[in-house]
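J.: coordinates for the following, if possible.
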Amino acid sequence: MFLYSHKRNYACETMILDSHSLTTNNKSTVIDVKKIEREINEIRENAGQRPHIDELEAADPFNRLWSAVEPLMDRLSYSVTYPTSTFNHSEEEQEDEEMVRIRRELSAALHDCLPRANEKTDDERLELEDTKREYEELQQKLGQLQNQIRILEKKNMDNTALKSSIIQFKNDVHKQAKLLLQNQEHAFMTRSAIATGRTTTGGHSTAEISKNGKKEVSD
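T.: Residues are numbered from 1 along each chain as shown. Below you'll find the predicted structure:
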């Protein structure tokens, strides 16, 4: 498809250049009609390599160009003669006007034939639609990933707060257990002292007080 389009554009540009050379050099150069006919035949052969579908051919800009160029080339081939000294001034002016008109019509036909810069083919439109669809899918996946990242960050913050709470609770339990052990130890020591009779009254033990009391009674 690309090669065919390139050949068409090259053939159109060649015809424009040939018509320009005819306009500028028609007084001193012999026009090679056979060369023009060969180029026309090449264009026909290149055009014949495409699938012959009536709808496509009717809408093809190159076919519109060829329908405008072919009668012009026919009239050109019939009206061209070799320049001689017998040409008068009116004939030369008439030929110049004819060549200018032909070149102008060829330029207009070439403008219709060549693809415009702002026009897109079906393949380009399909590729653009696919790219747009892929971009939207990537945007959707990116949004999902961002939501997952936010959820994980929130979970991480919650886990950090929970870990801090657990550590604080562990420290509080350790302090309470230590205080409880100290109280239990103090109570145990107090009970042990009472049980062994080591509590003192006025600086003497109970055994000494009992003994002194018995001695005073006997006297």
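J.: run through who's touching stretch 132-147.
T.: Among residues not part of stretch 132-147, none is counted as a contact by Cβ atoms under 8 Å, 6 or more residues apart in numbering. All C-beta atoms are positioned from the backbone trio N, CA, C, and that covers glycine.
J.: so how far is Glu105 from Glu97?
T.: Per Cβ to Cβ, to the nearest Å, Glu97 is found 13 Å from Glu105.
J.: which one of the two is surrounded by more residues?
T.: In terms of neighbours (other Cβ atoms under 10 Å), Glu105 is the more surrounded of Glu97 and Glu105; the figures are 15 against 10.
J.: state the mean pLDDT of the helix or strand harbouring that one.
T.: Under the criterion of DSSP states H and E, Glu105 resides in helix 89-113. Looking at helix 89-113 alone, the average pLDDT works out to 67.
J.: can you check stretch 147-157 too?
T.: Per-region confidence: stretch 147-157 scores 89 on mean pLDDT.
J.: quick one: buried residues of that stretch?
T.: Under the neighbour-count criterion of 16 or more other Cβ atoms under 10 Å, stretch 147-157 has nothing buried.
J.: return it as CSV; C-alpha atoms alone will do.
T.: The C-alpha trace of stretch 147-157 is given here as CSV (Å, rounded to 0.1, in the frame of the first residue of the first chain):
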residue,chain,number,x,y,z
ASN,A,147,-5.7,2.7,46.0
GLN,A,148,-3.9,-0.4,47.0
ILE,A,149,-0.9,1.6,48.1
ARG,A,150,-3.1,3.9,50.2
ILE,A,151,-4.7,0.8,51.8
LEU,A,152,-1.3,-0.7,52.6
GLU,A,153,0.0,2.5,54.0
LYS,A,154,-3.1,2.8,56.3
LYS,A,155,-2.6,-0.8,57.4
ASN,A,156,1.0,-0.1,58.1
MET,A,157,0.1,2.9,60.2
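J.: make residue 1 into 140 and carry on from there
T.: Fine by me, first position is 140 from now on; the one you just mentioned is stretch 286-296.
J.: for Asp262, what are phi and psi?
T.: Dihedral pair for Asp262: phi -60, psi -40, per degrees, to the nearest 10.
J.: and the gap between it and Lys271?
T.: When distances are taken as Cβ to Cβ, Asp262 and Lys271 turn out to be 15 Å apart.
J.: got it, and Ala332?
T.: Looking at Ala332 against Lys271, where the rule is Cβ to Cβ, the gap reads 92 Å.
J.: got the domain ranges for this structure?
T.: Following automatic domain parsing, one gets these domains for the chain: 141-258, 273-338.
J.: which one of these has the lowest average pLDDT?
T.: Summarising mean pLDDT across the domains of the chain, the least confident stretch is domain 141-258, with a mean of 58.
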